[in-house]
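J.: Show me how the following folds:
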Amino acid sequence: MHFGKRRQTLPPSMWRYLRPAYTQEKDFLALRVDTRKHQIRTYYRALFRTWGPQHWWPAQSRFEVIVGAYLTQNTAWTNVEKALANLRAARLLSVRGIRRASLAELERLIRPAGYFRQKARRLKVFVAFLDHRYEGSLAKLLARPTQKLREELLNLHGIGPETADSILLYAGNHPAFVVDAYTRRIFLRHEILPEKSAYEEIRELFERALAPLAQSVDDSGRTGNRRLAAGFAGAAHPPSAMSTAKRTPLAQVYNEMHGLIVGVGKNFCRKSQARCDECPLQKFLPRSN
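T.: Numbering: from 1, shown residues only. Presented below is the predicted three-dimensional model:
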């Protein structure tokens, strides 16, 4: 006869308390990520219901998007619009135009956008790259697979992740979410992003969070702009050739979310003197704020 100790059994619901601490921590972090993704989708729906489509990026051609992506580095969009108007008036807002313009002329025309010497050289580098690798064809460049094209752009002088993703999304209809300073500011203040989040970490979080919305008919962006009583419609611009161009549903959702975030950042979630009480996202603020 065996007189050993009886084996103790636990109800299934109790075993989770005996798992290693790192496993519990991993599950907690996964839950936290799921919560953040749900919050991001909630913010998208709230903003889109309030403002509707933003018609962002305002441009008449894919090359104008690319030039704008360079010029908007470290400056306000109103300054970019002045520089673009100068290029357009000089009939140089094209691959051929940038190619034939002298560096001095290019610097003079884009001066309103700031850092004009640096940006002029970078535009020249881009066109030289396009000529050398793709025979001057934007269509060939933008037809590259998303990840390979992103790597090529990031290897160009003067193109960081935000500029690369702007070109991918707005010029090339590639599903790449654009992370800007407004994104960091808004979602840090709402305690969805840690203070020192890396660009790629934020981009991947938003892409995973927003992907399910691409299946929603309600988020198709076919309704007109809806304005708040205060007169704001986010970052909305009049429809343009590029803002109304056909996109994949996923690229459209990424496009709208970026435009909606820009609207919040410009009009309400300012670096100083934030207007939280009037913001469509005010009800989602943590109580501590």
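J.: Going by C-alpha atoms from here, please, whenever you check contacts or count neighbours.
T.: Fine.
J.: show me the contacts for the most centrally placed residue in the chain.
T.: By CA atoms, centre = their mean, the chain has its centre lying nearest to V178, at 2.0 Å. Residues near V178 by CA atoms under 8 Å, 6 or more residues apart in numbering: 162, 165-166, 169, 203, 254, 258.
J.: switch the cut-off to 7 Å
T.: Neighbour list for V178: 162, 165-166, 203, 258 [criterion: CA atoms under 7 Å, 6 or more residues apart in numbering].
J.: which ones among those residues are found in helices?
T.: Among those, the ones falling in helices (DSSP state H) are 162, 165-166, 203, 258.
J.: circling back: which of the contacts of V178 sits closest to L153?
T.: Closest to L153 out of the contacts of V178 is D165 (9.1 Å), distances taken as CA to CA.
J.: circling back: look at the residue nearest to the centre of the chain and tell me its secondary structure.
T.: Under DSSP: H, G, I helix; E, B strand; the rest coil, V178 falls in the coil class.
J.: same thing with F206?
T.: Applying three-state DSSP: F206 is helix.
J.: my guess is T75 contacts Y115, does it?
T.: No - in this structure, T75 is not within contact of Y115 by CA atoms under 7 Å, at 8.9 Å.
J.: Could you give the number of residues near F126?
T.: Using other CA atoms under 10 Å, F126 has 22 neighbouring residues.
J.: Next: S102.
T.: Other residues close to S102 by other CA under 10 Å number 12.
J.: Please, where are all the helices along the chain?
T.: For the chain, helices defined by DSSP H occupy the ranges 21-51, 62-71, 77-89, 95-100, 103-109, 116-134, 138-142, 146-154, 161-166, 181-189, 199-210, 249-267.
J.: Just put the ones in helices among the contacts of V178 in JSON lines and tack on pLDDT and neighbour count.
T.: As requested, the ones in helices among the contacts of V178 are exported to JSON lines (pLDDT from 0 to 100; neighbours: other CA atoms under 10 Å):
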{"residue": "E162", "pLDDT": "98", "neighbour count": "20"}
{"residue": "D165", "pLDDT": "98", "neighbour count": "25"}
{"residue": "S166", "pLDDT": "98", "neighbour count": "26"}
{"residue": "R203", "pLDDT": "98", "neighbour count": "19"}
{"residue": "H258", "pLDDT": "97", "neighbour count": "23"}
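J.: ok, of these, which one's closest to S272?
T.: H258 (20.9 Å).
J.: any low-confidence regions in the stretch 1-150 of the chain?
T.: 1-31 (pLDDT under 70).
J.: Relative to W57, how far out is the closest residue to G97 other than its chain neighbours?
T.: Setting aside the residues directly before and after it, G97 is nearest to R91 in space (CA to CA, 6 or more residues apart in numbering), at 6.8 Å. When distance is defined by CA to CA, to the nearest Å, R91 is 21 Å away from W57.
J.: now swap in R122 and tell me
T.: According to CA to CA, R122 stands 21 Å off from W57.
J.: Between those two, which has more neighbouring residues?
T.: More crowded of R122 and W57, by other CA under 10 Å: W57, with 27 against 19.
J.: ok, now which ones touch the more buried one?
T.: Shown in contact with W57 (CA under 7 Å, 6+ apart): 170, 242-243.
J.: go on, L87?
T.: The neighbours of L87, taking CA under 7 Å, 6+ apart as the test, are 93, 109.
J.: how does it look with 8 Å?
T.: 93, 109-110.
J.: Give me the neighbour count for the residue lying closest to S137 once chain neighbours are set aside.
T.: In space, and not counting its chain neighbours, S137 is closest to L130: 6.7 Å by CA to CA, 6+ apart. For L130, the tally of surrounding residues (other CA under 10 Å) stands at 17.
J.: quick one: L130 from E152, how far?
T.: L130 sits 11 Å away from E152, going by CA to CA.
J.: so can I have CSV of the contacts of V178 showing distance to N267?
T.: Below are the contacts of V178 laid out as CSV (distance: CA to CA, whole Å):
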residue, distance to N267
E162, 21
D165, 24
S166, 21
R203, 23
H258, 14
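J.: rewinding a little: so which of the ones in helices among the contacts of V178 comes closest to T50?
T.: Of all the ones in helices among the contacts of V178, T50 sits closest to H258, with 14.9 Å by CA to CA.
J.: Ramachandran angles for R91?
T.: phi 60, psi 40 (degrees, to the nearest 10).
J.: State whether it and R100 are indeed in contact, as I suppose.
T.: No - at 11.0 Å, R91 does not count as touching R100 under the criterion of CA atoms under 8 Å.
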